[in-house]
Every structure is written in C-alpha cells, then in structure tokens.
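>>> Sequence first, then the predicted structure:
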Amino acid sequence: LFQYQEIEQGTGNSQYSGKVTIGTAPSYTMTDTTRGNHKTYNLNHGSSGTGTLFTDADDVWGDGTPQNVQTAGVDAAYGAQLTWDYYKNVHGRSGIKGDGVGAYSRVHYGNNYVNAFWDDSCFCMTYGDGSGNAAPLTSIDVAAHEMTHGVTSATADLTYSGESGGLNEATSDIFAAAVEFNADNAQDPGDYMVGEKIDINGDGTPLRYMDKPSKDGASKDYWYSGVGNVDVHYSSGVANHFFYLLSEGSGAKDVNGVHYDSPTSDGLPVPGIGRANAEKVWFKALTQYMTSNTNYAAARTATLSAAADLFGKDTPTYNTVANTWAAVNVGS
Ligand code: ASN
Ligand code: ZN
C-alpha cells in the first residue's frame with residue numbers, strides 16, 4: 001500500500017569544498033537519482049569510454065586528498081549537483097536540455113592532464129587530474145563552466161570561434177561565478193574569479209578575472225574590431241567584464257569591503273543592477289535571443305530585449321544594461 005522510496009544521500013569528502021552531501025543510489029553507486037540520474041565515472045587515467053561507475057560499500061566517499069581515487073569523483077558530482085540545482089532553482093530549467101535528464105561526468109582523464117572539457121558527442125563532462133595528478137580540475141566553478149557549455153549547446157549554440165566563441169566562453173564563466181555564489185559553500189565562497197581553487201598557474205592565481213580580465217595578461221577588457229581573432233578564452237573577457245560591471249557596478253567594494261574601481265572604456269561609472277538581476281538578463285538572452293552567430297553587437301541587443309521583458313523598456317535597469325555595454329565599448 002505504501003511504497004517507501006529511499007532517496008540516498010552519500011557523504012563526500014571533497015578536495016575543494018569540504019564535507020558535502022552527494023546523491024547516490026543503493027548499495028552504492030555515484031548516481032544522483034534526484035537529478036536525472038547524473039552519474040560519475042572513473043576513467044582511471046584512460047581517455048575514452050566511461051571507465052567504471054564509482055561504487056562504494058558504506059556510502060562515505062573520498063577523503064579530501066587526491067591520493068584517494070574517489071575524491072575527484074566527489075568534487076565532480078558535487079559540482080554537477082550544484083549546477084543542476086542552480087539552473088532548476090534560479091531559472092526553472094531542469095537539466096542541461098531542460099528535459100529532466102542527467103548527463104554524466106568522467107574524472108581521472110589521462111595523466112597530468114591540466115584541463116577539463118565538455119563534449120557534445122557524449123553529452124558529458126571530463127576532468128583531468130592536473131599537475132602531478134594532484135590538483136584535479138574539479139572545483140565548483142570549473143564544473144559549472146563545463147556543464148554550462150552543455151546548456152549553451154542546447155540553447156543559443158554559439159559557434160566556438162570568433163566573437164560568438166568568446167560569448168560561448170563568457171557564458172560558461174558567468175554561470176560558473178553564479179553557481180559558485182549561489183552554492184554558498186564555506187570552503188569555496190563566491191567570487192568573480194574562475195579557477196581560483198585549482199592553482200593552475202602554480203602561484204595561487206586564478207585562471208581568469210571578471211572584474212578586470214586583462215589581469216591574466218591576455219584577456220580583453222573592452223571590445224575592439226579585431227577581438228574575434230583572439231582565442232575564445234580571451235575574447236570572452238569583454239562579456240565577463242560586462243557581467244561584472246552589470247552585477248556590481250564600476251565602483252563596488254570587494255569581498256573585504258575595500259573600495260575597488262573596475263575600469264570602464266569611456267571612464268564613466270556604471271551603477272550595476274545586482275548579480276541576481278544580471279544572471280536573469282544573461283540567461284534570458286542566452287536561451288531566447290542569442291543564436292549560433294551572435295556577435296558582441298547582437299549580444300547587446302539580446303540582453304536589451306531580455307531586460308525589456310524582465311524590467312520594461314527604458315526603465316533605469318534597462319538603461320543600465322545599455323550603459324554597461326558602452327562601458328566595455330560595445331555600442332549601438
Ligand atoms: N576547459 C576548456 C573550456 O571549457 C576546454 C576548451 O578549451 N574547450 O573552455
Ligand atoms: Zn570553456
């Protein structure tokens with residue numbers, strides 16, 4: 001008469017996010033039954049197929065160190081969980097395609113592999129173990145970045161070259177930051193840096209900065225006519241900077257409460273509309289107005305259409321969206 005369905009909650013000891021809860025399936029596999037059966041696999045240093053699904057006898061996974069083979073799986077599963085929850089709870093989107101179906105993650109790809117990637121053909125995320133196989137690329141923001149490539153692919157499908165490629169990359173960085181902020185994890189609090197936990201440069205600096213992208217030595221702060229010719233991970237800087245300025249304004253305080261000026265191309269200040277509003281604008285623009293060949297000028301139009309839907313045309317919020325594009329040198 002009464003069927004009791006147990007929802008398994010495993011305990012995970014992650015490398016980057018402390019002790020966390022992950023979804024598991026009975027006796028026990030790393031299968032998130034409440035999130036479309038998203039699964040996490042161990043490639044065991046291989047580079048094809050799925051390797052083996054993580055299994056465990058006591059439902060306590062990993063030990064927080066890269067020596068334990070389950071640890072990277074915990075971080076990857078946790079990142080996928082947080083990203084799923086973000087799109088569901090904030091934007092009402094259930095899964096990457098919006099159909100409630102989970103994707104899957106693969107960890108321990110190759111040896112000393114210092115990257116992570118989304119692959120449309122397997123509809124899956126893959127993570128290397130980093131330098132010395134000791135720093136897997138499985139932090140919250142990296143997982144959210146890769147999973148967002150799936151969302152972009154399922155929606156605007158921005159072509160991965162030229163300005164549309166920069167917008168594709170920026171979309172992954174924007175929602176990486178959004179997921180990290182919304183996760184509210186004490187070990188990995190939200191910020192406008194990408195990859196600050198994985199020490200990819202070996203000196204503690206992050207992979208990318210959204211407040212002033214050129215701090216990485218290569219990313220672009222402002223649009224210019226040749227920006228589509230640089231690597232998509234650098235042309236993304238224009239949109240990353242736009243998102244930072246739209247969220248925080250040009251004269252925000254940093255996490256320590258210290259006044260911080262993010263530069264604008266025309267030197268004029270912009271006020272910001274708050275991160276939650278900026279996230280809504282970008283998501284609506286991505287899913288309803290951008291297409292595969294959207295460039296920066298068209299992204300401006302797309303976000304203005306989204307802002308008109310959300311806040312009304314010619315409202316202060318709408319006008320701030322327009323002025324923030326001007327602040328990164330994207331005009332009408
Ligand atoms: N980690 C990189 C990215 O997601 C991999 C790549 O260059 N496609 O952007
Ligand atoms: Zn990317």
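Perfect, I can see it now. Ligands and ions are numbered 1, 2, ... in the order given.
>>> so what's S305 closest to, chain neighbours aside?
Y289 (5.0 Å; Cβ to Cβ, 6 or more residues apart in numbering). Glycine gets a C-beta too; all of them are placed from N, C-alpha and C.
>>> OK, contacts around the one you found?
301-303, 305-306 (Cβ atoms under 8 Å, 6 or more residues apart in numbering).
>>> which element is V90 on?
Per DSSP states H and E, V90 falls inside helix 71-91.
>>> Next, the buried residues of that helix.
71-84, 86-87, 90-91 (16 or more other Cβ atoms under 10 Å).
>>> Find the closest residue to ligand 1 in this protein.
F117 (4.2 Å; Cβ to the nearest ligand atom).
>>> what's the next secondary structure element after the host helix or strand of that residue?
For F117, the element it lies in under DSSP H and E is strand 116-119. Next helix or strand after strand 116-119 toward the C-terminus (DSSP H and E): strand 124-128.
>>> Run me through the strand neighbours of that next one, direction for each.
strand 104-109 (parallel), strand 116-119 (antiparallel) (DSSP bridges).
>>> pretty sure A176 is touching T148, no?
Yes. The pair A176 / T148 is scored as a contact, 6.7 Å apart, by Cβ atoms under 8 Å.
>>> neighbour-wise, which of those two wins?
A176 (29 against 26; other Cβ atoms under 10 Å).
>>> Name the SS class of the more buried one, please.
Recorded secondary structure, A176: helix (DSSP: H, G, I helix; E, B strand; the rest coil).
>>> Ok, the one 10 residues further on next?
The local conformation at A186, judged by three-state DSSP, is coil.
>>> show me what contacts it?
Here A186 is in contact with G18 (Cβ under 8 Å, 6+ apart).
>>> I'd like the distance between it and W61.
19 Å (Cβ to Cβ, to the nearest Å).
>>> Next, the distance between the ends of stretch 324-332.
12 Å (Cα to Cα, to the nearest Å).
>>> in that stretch, what's buried?
324-330.
>>> among these, which are in helices?
324-327 (DSSP state H).
>>> residues from the chain in reach of ligand 1?
With Cβ under 6 Å from any ligand atom as the criterion, the chain meets ligand 1 at residues 115-117, 145-146, 149, 169.
>>> Let's see that with 8 Å instead.
Residues of the chain lying close to ligand 1 (Cβ under 8 Å from any ligand atom) are 115-118, 137, 142, 145-146, 149, 160, 169, 172, 232-233.
>>> helix or strand for A299, which one?
Using DSSP H and E, A299 falls in helix 296-311.
>>> Can you give the contact residues for that helix?
With Cβ under 8 Å, 6+ apart as the test, helix 296-311 has contacts from 163, 166-167, 223, 227, 238-239, 277, 280-282, 284-286, 288-291, 294, 317-318, 321-322, 325, 330-332.
>>> Try it again at 6 Å.
With Cβ atoms under 6 Å, 6 or more residues apart in numbering as the test, helix 296-311 has contacts from 163, 167, 223, 280-281, 284-285, 289-290, 317-318, 321, 325, 330.
>>> Now go through the residues you listed and say which are in helices.
163, 167, 280-281, 284, 317-318, 321, 325.
>>> Please name the residues that touch the nearest residue to A218 once chain neighbours are set aside.
Computed as Cβ to Cβ, 6+ apart, the closest residue to A218 that is not its neighbour in sequence is Y234, at 4.8 Å. Counting by Cβ under 6 Å, 6+ apart, Y234 touches 218-220.
>>> And the pLDDT for the residue of the chain closest to ligand 1?
pLDDT recorded at F117 is 98.
>>> Next: E8.
So E8 comes in at 73 (pLDDT).
>>> again with the one 3 residues further on
Here, the pLDDT recorded for T11 equals 98.
>>> Am I right that it sits in a strand?
Yes. Note on T11: a strand contains this position according to three-state DSSP.
>>> My guess is it contacts V60. True?
Yes. With contact defined as Cβ atoms under 6 Å, T11 reaches V60; the gap is 4.7 Å.
>>> What is the neighbour count of S292?
Count around S292 with other Cβ under 10 Å applied: 11.
>>> Tell me who's in contact with it.
157, 159.
>>> Quick one: end-to-end length of stretch 96-105, please.
So stretch 96-105: terminal residues 13 Å apart, Cα to Cα.
>>> Now do the buried residues in that stretch.
Quick answer for stretch 96-105 (16+ other Cβ under 10 Å): 96-98, 102-105.
>>> Good, wrapping up.
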